[in-house]
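> My questions are about this predicted structure, shown below with the sequence.
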Amino acid sequence: MSERVVVVDWPQIAKRGEVLFPGALVVYANGSLPMEALETDDCIIVSTNAERLTDFCQQVVSASCRLVRYSTDDISQFTTREEVVQWHQQGGLAEYKGSPIPSPAPQVQKPVKPIPPGATNEAPTEPAGAGLDEPPEWMDEIPDALEMHQHSVRIASDLKKQAFAESGPHEWSEPADLWGTSPLPNFPPECLPPEIATYVLDQADRAGVDPAQVALNCYVACAGLIRVGINLQMQEDSGEDGRTWREKPILWGAVVGDPSTGKGPALDIALHKFYKIAAALRAKDESLWEQYDKDSKIYEKRMQSWYVEQAKTPTGLMEPSAPTKPPRERLWTDDVTKEVVAKLLTENPRGKICIIKDELASWFGGFDAYGNGKSDKDRPDWLSFYESKERYIDRAMEGRSYHVDSWGGVILGGIQPEVLSKISGKLGADGMLQRFQIIVSKPKRQIAKRPANADAVRDWNRIMENLAAMQPDTQSVQLSPEAAAFMDQQVEWISNAMQSGVAPALVAALGKWEGLFGRLMLVSQCISAAALGMRSPAAYVPLKVAQQAWAWMQSLLWPHAVTFYMGQIDQGDEYASVRAFADFCLARDVEAVQPYEMTQRWSHYRRFKTIQQRREFWARVEQVGWVRPLGAFDRNNAIARAYEINPRVYDGRFRAQAFTAKSAAVRYRDAMHPAMVRAQGREPGED
């Protein structure tokens, strides 16, 4: 940059700079220098205070910068640049070069102005407005410090943009939606296994509900039919210890929405055939158990007779054989007590069970049913229900323990936002909520009054039946080399997203995504096999299945998770400060801020009493993509002298939140200064 930049530390001279420094860009800085100005080829920093000039010296990064000091009395004499130059030639200017810390400058004797011919030695009468108290005619108005600050930060931002334009492109990252107000995308059909996509879209259209709700319910319902013995090997076999990482077909899903969004109809679409299969299994088991009950009674009579004969004369008669206890296949239950679920799992050869609740609030409320709500001893058991591992369920009141080979299962249902907000504080602490795939429901649409797609319904029913009949192979399903390479790429995306500064609860949910990716691939692989009538899934997951599962996560789950965790879950005081800062920026349309001045301009910032607290605050704001450091850091290398605001926050994406923030700022201003408002000829609250 070739333009001369003059940085001054008092607003009057900044306004007068157009006369004192014609052709130069004059920037007002109050305690902190804009680094973009210092990086120019010709920059002069002017101050009337030796201590402040010393602080400025510590910030100078360019050897070409010049630092000069005027006294207030001296500068008040001059109204033209010629007078300033003449004064400088007479030695009235103290100048420092470079960045070492100078000692306080010696007092400079006030120069004597030349006496024009015909004048006397009496002090000349200065024209009105020549001093600081009475500005000259060309100064129509002296802006206050706040307006001058806003002017300076805009100049600093312009300098920054010009420097980037000269050095090459420099893109901002996407700013995080801190309120979850970004519109949810339309449902992407490519995120579903193609074998069930037609059914989902057709049924959602006929019910007038969001396809995302139906899609989640159908995906989880399919997972609920697959036996737990069918699993996906996520890494190379570790040998004889059997500790290789494998994922099982266990998915948890929750639709968050008001009763008017059609959560019930969307659930019925997915579970209609599911319930029929469960009823058929129950009918088959009942006939077997009826025969078992008859055989058991006969066995008891034979045993009694055998005991009598043995008591009389031991003849060595063979003891009667007991009848074989038949399996009791259960697909689902709506009883959420641990005892009932453990009892069902001990008898269930499928290795898992589905918990289906129209309102999941009753499941969450069922925790610690026998502890009167005084402890959280049930929570670890339900957390491990997502993993499906061997577990003992102990009940001292019953005097027994349930040994469950596979404690785990699918959970599916809906919940209202108001109910969830009341319990989210406890759920957000241990990852319980983050195990769920969350879909935020949209309002109902107009119902399509037409017959259902018969082919799609027939294919869906056949897939569900085949999934229920599918048996595990001797080997686990594995990833093909192409699918494994693709997954490694997406795991890197997950890692980057976790470090992008999003809400802590959302980061915790992303921590489950690598395992969820494997589970979705496994379920999709089984759906593809069921559509072909295969008795077991194919041995290797192809690339197209991996791509479809990832599309489900990134195109559907991700925007819904952002909306849910950013907008409907309390993130705590630390994250509330980030939101408050975002409201501050949107209400004032600032392009840059200086932490030093934030202590005077923003009461929320004064809550941070220590350097460490302020450093953590700015780190969080930078992580969410709202700011980036502008220039050098302070002497503690903790906080930048200034922070530039991401211009993308003003492109209209946060229009609603900006309106809310500006309205709140107007109400606050009017409440603090009602007399000033009325002096302007309007009532408080009017814009």
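In hand now; what should we look at? As the structure is a prediction and not an experimental result, all values here were calculated from the model.
> Now do the phi/psi pair for Val410.
Backbone geometry at Val410, expressed as degrees, to the nearest 10, gives phi -90, psi 140.
> Please apply the same query to Ile645.
Per-residue torsions, Ile645: phi -90, psi 140 (degrees, to the nearest 10).
> so it sits right up against Val627, yeah?
Yes: in this structure, Ile645 is within contact of Val627 by C-beta atoms under 8 Å, at 5.9 Å. Bear in mind the C-beta positions are built from the backbone N, C-alpha and C, glycine included.
> quick one: which of those two has more around it?
Between Ile645 and Val627, Ile645 has the larger neighbour count (other C-beta atoms under 10 Å), namely 26 against 23.
> residues in contact with the more buried one?
Going by C-beta atoms under 8 Å, 6 or more residues apart in numbering, Ile645 touches Cys585, Val590, Glu591, Ala592, Val593, Trp626, Val627.
> Look up how far Met521 lies from the residue nearest to Gly408 when sequence neighbours are not counted.
Nearest residue to Gly408 in three dimensions, chain neighbours excluded: Ser388, at 2.6 Å (C-beta to C-beta, 6 or more residues apart in numbering). Here Ser388 is placed at a distance of 17 Å from Met521 (C-beta to C-beta, to the nearest Å).
> For those two, indicate the residue with more neighbours.
Neighbours were counted for Ser388 and for Met521 using other C-beta under 10 Å; Met521 has more, 26 against 23.
> which residue ranges form the helices in the stretch 151-300 of the chain?
194-207, 211-225, 263-312 (DSSP state H, counting those that start in this stretch).
> and among those, the most buried is which?
Greatest average neighbour count among the helices of the stretch 151-300 of the chain goes to helix 211-225 (a mean of 27), per mean count of other C-beta atoms under 10 Å.
> how about low-confidence regions in the stretch 151-300 of the chain?
Scanning the stretch 151-300 of the chain for pLDDT under 70 picks out 151-170, 238-243.
> Please report the confidence value the model assigns to Leu510.
As predicted, Leu510 sits at a pLDDT of 91.
> residues contacting the nearest residue to it once chain neighbours are set aside?
In space, and not counting its chain neighbours, Leu510 is closest to Met498: 4.8 Å by C-beta to C-beta, 6+ apart. Met498 sits next to Val507, Leu510, Gly511 when contact means C-beta under 8 Å, 6+ apart.
> Can you name the residues bridging to Gly413?
Ala254, Lys357 (DSSP bridges).
> and it, how far is that from Phe187?
As judged by C-beta to C-beta, Gly413 and Phe187 stand 20 Å apart.
> Please apply the same query to Ser362.
Per C-beta to C-beta, Ser362 is found 28 Å from Phe187.
> Among the two, which residue is more densely surrounded?
Shown here are Ser362 and Phe187; by other C-beta under 10 Å, Phe187 has more neighbours (20 against 14).
> which ones are touching the more buried one?
Applying C-beta under 8 Å, 6+ apart, the residues near Phe187 are Leu201, Asp210, Pro211, Ala212, Ala215, Leu556.
> out of the contacts of Ile645, which are inside strands?
Under the assignment DSSP state E, these contribute Ala592, Val593, Val627 to strands.
> ok, so of those, who is nearest Ala469?
Val627 (57.1 Å; C-beta to C-beta).
> how near is that closest one to Ile356?
The spacing between Val627 and Ile356, counted by C-beta to C-beta, is 46 Å.
> what does Asp583 give?
Asp583 sits 41 Å away from Ile356, going by C-beta to C-beta.
> One more: Phe581?
Distance, Phe581 to Ile356, using C-beta to C-beta: 43 Å.
> do Lys662 as well
Distance, Lys662 to Ile356, by C-beta to C-beta: 46 Å.
> Please say which of these two ends up with more neighbours.
Ile356 (25 against 16).
> my guess is that one meets Leu271, correct?
Yes: using C-beta under 8 Å, Ile356 is in contact with Leu271, at 6.9 Å.
> Let me see the contact set for Val255.
Gln213, Leu216, Asn217, Lys263, Ala266, Leu267, Gly413, Gly414, Ile415, Ile439, Ser441.
> what residues are up against the fifth one?
Spelled out, that is Ala266. For Ala266, the contacting residues are Ala204, Ala207, Val209, Asp210, Gln213, Val214, Asn217, Val255, Ser441, by C-beta under 8 Å, 6+ apart.
> Nearest to Arg350 among those residues?
Asn217 (19.9 Å).
> distance of the closest residue to the closest one other than its chain neighbours from Lys422?
Among residues not flanking Asn217 along the chain, Ala270 sits closest, at 3.5 Å (C-beta to C-beta, 6+ apart). For Ala270, the distance to Lys422 equals 27 Å [C-beta to C-beta].
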